[in-house]
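mind folding the following:
(one chain, ligands or ions: 1)
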Amino acid sequence: MTASGTRPTLTVHPLAAGSVSRKISGAVVCPPDKSITHRSVMFAAMAKGASVIENPLMGADCRATMAAFRALGATITHDAAAGVVRVESPGMDGWSSPLLPLDFANSGTTARLLAGIFAAIPGLFVTCYGDASLSKRPMGRVVEPLRAIGAKIYGRQNGHLLPLAIEGQKLAPKAHVVDKASAQVKSAILLAGLNVSGETKVTLPVGGRDHTEKMLAALGAQITTKRVGGGEEITVTGPFRPQAGRFRVPGDPSSAAFFSVYAALAGGKLEIQNVLENPTRTGFMTVLERMGVRLTRSQPKREHGLLEPVTTLSIESDGKPVRGVDTEPELAPTMIDEIPILAVLAAFASGPSRFRGLSELRVKESDRLAKTLELLLLAGADAKVDGDDLVVAGGLTRARAFRYDPDEDHRLCMAAAVLAKLADGPCEVQDPDCVAVSFPGFFDVLNSLG
Ligand code: S3P
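Just a heads-up that it's a prediction; the model follows:
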């Protein structure tokens, strides 16, 4: 790594051009899931007593969640040798107001879900802030529904932006109608509902990742989910206190997506083990299959106390161009974090692709719609944003060498690194350390594959 000005820059060397077959081979174990690690820490900290989280993701986002609960009185330790995090908590009724503001760093999941939990605890007072990226991201989407049931939340731009101050209150039951396909918004409301007497109902226009619901059901909460048209309606009845116990985290499909696309483009055979198999998360697998990637998934298994099943993904590719694809808006929430890397694959497809309904991509760790487009254009691809759709022409055979600033957005950084492997010269990617948000060992794995 070199420092360009004050900012670190990584030079990524491409795979040799020429014959594209059998460039990479091997087997990798999928890193642990970020969303499920966050929620495991949250439920363990809400429970009174000792819990163990097996195979946790120790990425920066999940560390922010752990640090927050330490500040409220939980003891949380990482036993790296055993591959577990141990949580000893006084439980949510025993938390004390932290003396200092909580630093949520880059983590939207921490900010939004903890806002829901804290707002519903009378007597708790929490202030929180984040990094430059998180400070720009919309918090009104959780603050407004929480205020509608009595929450007292103050902050910049009338509480629509961090920093926030949350004064916990007794909240009221309500049927919430959310107009965004956001698992973070739904989860914030449901988690607040655990401390509400009666029914908290959330209706969403499109179903999204459902780990909060699945974990609550497994913990014994009274929770039901109904399909309503293309959307969903979830009802939780409070109050509910989770019990301390064991949580086991499966591999993160969002991380597996980078290597799946790398294998499809470079050619070769790659096995990715322990990948979470949940239809609300595996939209990228559907898309790869539609594009003609030879992808097989082993029979899903629920081993060693896993709540959700895992599969082994095998990708076999001769490196020849795949087909273009047209994805419907309903698929977007199931692959929202995978769009940058799918767009890279689409750039090399034999025909055009259109990814529909990506408005939520504009409010991620960066404006990922604009920044994904920028990456493709820098590499010489033909692409455009059309309303909320990303349109990629396809037909790229070798990317032009590029220098890219991913705006410290981990997923853009990883997508750029994969694209750089297919470029016609060394590429530079700024602030590569940002991958630690969700995938601390990313570059080691990428290099180990060739
Ligand atoms: C997450 C939900 C998604 C996703 C994020 C993690 C979660 O965000 O992009 O990386 O853990 O609930 P939205 O629900 O806001 O789309």
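
now the residue in the stretch 1-150 of the chain that the ligand sits nearest to: closest residue in space that isn't a chain neighbour?
In the stretch 1-150 of the chain, the residue that lies nearest the ligand is Ser35 (3.3 Å; Cβ to the nearest ligand atom). Glycine gets a C-beta too; all of them are placed from N, C-alpha and C. Leaving aside its chain neighbours, Ser35 sits nearest to His211 (5.4 Å; criterion: Cβ to Cβ, 6 or more residues apart in numbering).

does that neighbour really touch Thr37, like I thought?
No. Counting by Cβ atoms under 8 Å, His211 stays clear of Thr37, with 10.1 Å between them.

show me which of the two is the more surrounded one.
Thr37 (27 against 21; other Cβ atoms under 10 Å).

list the buried residues of the host helix or strand of the more buried one.
Secondary structure assignment for Thr37, by DSSP states H and E: helix 34-46. For helix 34-46, a neighbour-count test (16 or more other Cβ atoms under 10 Å) marks 34-46 as buried.

on that earlier part again, mind listing what the residue of the stretch 1-150 of the chain closest to the ligand touches?
Thr109, Ala183, Arg209, His211, Asp252 (Cβ atoms under 8 Å, 6 or more residues apart in numbering).

and the helix or strand that the helix holding Thr37 is followed by, what does it pack against?
Sequence order places strand 48-54 as the next helix or strand after helix 34-46, per DSSP H and E. Counting contacts by 3 or more Cβ pairs under 8 Å, 6 or more residues apart in numbering; DSSP states H and E, strand 48-54 packs against helix 34-46, strand 84-90, strand 246-248.

could you dump those to TSV with mean pLDDT and distance to Asn55?
What follows is those, written out as TSV (pLDDT from 0 to 100; distance: least, Cβ to Cβ, whole Å):
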stretch	mean pLDDT	distance to Asn55
helix 34-46	98	9
strand 84-90	98	8
strand 246-248	97	6
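
ok, now which ones touch the nearest residue to Arg141 once chain neighbours are set aside?
In space, and not counting its chain neighbours, Arg141 is closest to Val185: 5.1 Å by Cβ to Cβ, 6+ apart. Residues near Val185 by Cβ under 8 Å, 6+ apart: Arg112, Arg141, Val142, Pro145, Val178.

now, those that are in helices?
Members of the contacts of Val185 lying in helices (criterion: DSSP state H): Arg112, Arg141, Val142, Pro145.

any idea how far the closest residue in space to the first one that isn't next to it in sequence is from Gly238?
So that's Arg112. With Cβ to Cβ, 6+ apart as the criterion, Arg112 has its nearest non-adjacent residue at 4.1 Å, and that residue is Gln184. Separation of Gln184 from Gly238 (Cβ to Cβ, to the nearest Å) stands at 20 Å.
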